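Peer 1: Build me a model from this:
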Amino acid sequence: MTRLDVARRVYVGATRVGAIYRGSQKLATTRTNFATDPQPTLLSGSNVLGWHTGRWFGKAPAAGTHTLVTGATDGPVGITCYLRKTWTASPPLMTDSGDTGFQIGGTAARRLAVQPGEIWTFSAYLRPSIKRNLNLDVYCYAADGVTSVTPSGWGSQRAFPSGALIRPGVTASRVLAEAGQWARVSLTMTVPEDVYKIDLMADSNGVATNGEQLWGPGDTLDGTALLAERGSELRPYFDPLMEPRAEWTGVASRSASTLWTL
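Peer 2: So this is what the prediction gives:
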């Protein structure tokens, strides 16, 4: 029996976070990914922090489609599933192409429940077919998941609007991704007062300072590998679809997941 097997037995009935001990010996620690469909397997599913098709393609006449890619061999960090956004018509101008990413959550039931003062770190992988700026953003809501909240000193409900204005208590950066390359975007935040639900956006923004290009017909944006953890550390991605030490806390790809580490 391995130490991990022993840890699993000791762990039964215990809290699914923190460290597992026998006496003073630490047998294992656990991490929890609160994203319930981190490698997207549903289009706009009903699960918490599931990838969603609600984000626009840019100002009219911009339009496009969403598709799920499965069994992929070109995903990041061992990922085999991702959500693809394909443009069929272009926005008129670069400035009309902001916030053209993916919504993660999308309704009150799909938004992540949080508590003021908690620290959360979120990350995801995005791949544009053209050179684009990418970032994560958070939208803040009250406990009902419907009423938007503007935290003190923020000016809006958004933590990192357009990948430009970083709010108090938020650490994030905009990533300039080359065409066809996966890029990891992340955001760490301390949950502000009166905020009890949050939505995530994995976005591409309409700035044109470093050779960024405008979406056109046939262009694509891929998204996958959502990691949502408590704490301030950006850690390596995991989910049970690609990590044998991880397990779902409920139904596969419809629940949070736990990673065992020795």
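Peer 1: Helices of the chain, start to end?
Peer 2: 3-11 (DSSP state H).
Peer 1: so where's the stretch 101-250 of the chain uncertain?
Peer 2: For the stretch 101-250 of the chain, the stretches with pLDDT under 70 are 208.
Peer 1: what do you get if the cut-off is 80, keeping everything else the same?
Peer 2: Counting by pLDDT under 80, the ranges of the stretch 101-250 of the chain that qualify are 206-210.
Peer 1: Can you tell me how far the residue nearest the centre of the chain is from residue 150?
Peer 2: In the chain, the residue lying closest to the centroid (C-alpha atoms, centre = their mean) is residue 226, at 3.9 Å. Residue 226 sits 25 Å away from residue 150, going by C-beta to C-beta, to the nearest Å. Where C-beta positions appear, they are placed from N, C-alpha and C, glycine not excepted.
Peer 1: now residue 225
Peer 2: Residue 225 is 30 Å from residue 150, by C-beta to C-beta.
Peer 1: Show me which of the two is the more surrounded one.
Peer 2: Neighbour tally, residue 225 and residue 150, criterion other C-beta atoms under 10 Å: the higher count belongs to residue 225, 26 against 14.
Peer 1: Quick one: residues contacting the more buried one.
Peer 2: 38-39, 75-77, 79, 82, 123-125, 184, 237, 239 (C-beta atoms under 8 Å, 6 or more residues apart in numbering).
Peer 1: Got a quick PyMOL command for the buried subset of these?
Peer 2: Of those, the buried ones go into a single PyMOL selection, burial set by 16 or more other C-beta atoms under 10 Å:
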select buried, resi 38+39+75+76+79+82+123+124+125+184+237+239
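Peer 1: which of the contacts of residue 225 lies closest to residue 65?
Peer 2: Nearest to residue 65 among these: residue 82, at 14.6 Å, using C-beta to C-beta.
Peer 1: Please look at residue 41 and residue 251 and confirm they touch.
Peer 2: No - with contacts counted by C-beta atoms under 8 Å, residue 41 stays clear of residue 251, the gap being 11.2 Å.
Peer 1: The two: which is more packed in?
Peer 2: Taking other C-beta under 10 Å, residue 41 and residue 251 do not tie; residue 41 has more neighbours (18 against 9).
Peer 1: Nearest spatial neighbour of that one, chain-adjacent residues omitted?
Peer 2: Nearest residue to residue 41 in three dimensions, chain neighbours excluded: residue 253, at 4.7 Å (C-beta to C-beta, 6 or more residues apart in numbering).
Peer 1: Wait, the one you found touches residue 35, no?
Peer 2: No - Residue 253 sits out of contact with residue 35 when judged by C-beta under 8 Å, with a separation of 10.0 Å.
Peer 1: And those two? Which one has more around it.
Peer 2: residue 35 (30 against 21).
Peer 1: Now do the same contact list for that one.
Peer 2: Contacts of residue 35 (C-beta under 8 Å, 6+ apart): 48-50, 104, 226-228, 239, 256.
Peer 1: With residue 102 instead?
Peer 2: By C-beta under 8 Å, 6+ apart, the neighbours of residue 102 are 51-53, 55, 83, 85, 201-203, 221, 223.
Peer 1: Any idea what it is bridged to?
Peer 2: Beta-bridge partners for residue 102, by DSSP bridges, are residue 202.
Peer 1: and it, how far is that from residue 218?
Peer 2: The separation that residue 102 has from residue 218, given C-beta to C-beta, amounts to 19 Å.
Peer 1: now residue 152
Peer 2: Taking C-beta to C-beta, one finds residue 152 at 44 Å from residue 218.
Peer 1: got it, and residue 243?
Peer 2: Distance from residue 243 to residue 218, by C-beta to C-beta: 34 Å.
Peer 1: between these two, which one's more packed in?
Peer 2: Shown here are residue 243 and residue 218; by other C-beta under 10 Å, residue 243 has more neighbours (17 against 11).
Peer 1: mind listing what that one touches?
Peer 2: Counted by C-beta under 8 Å, 6+ apart, residue 243 has contacts residue 259.
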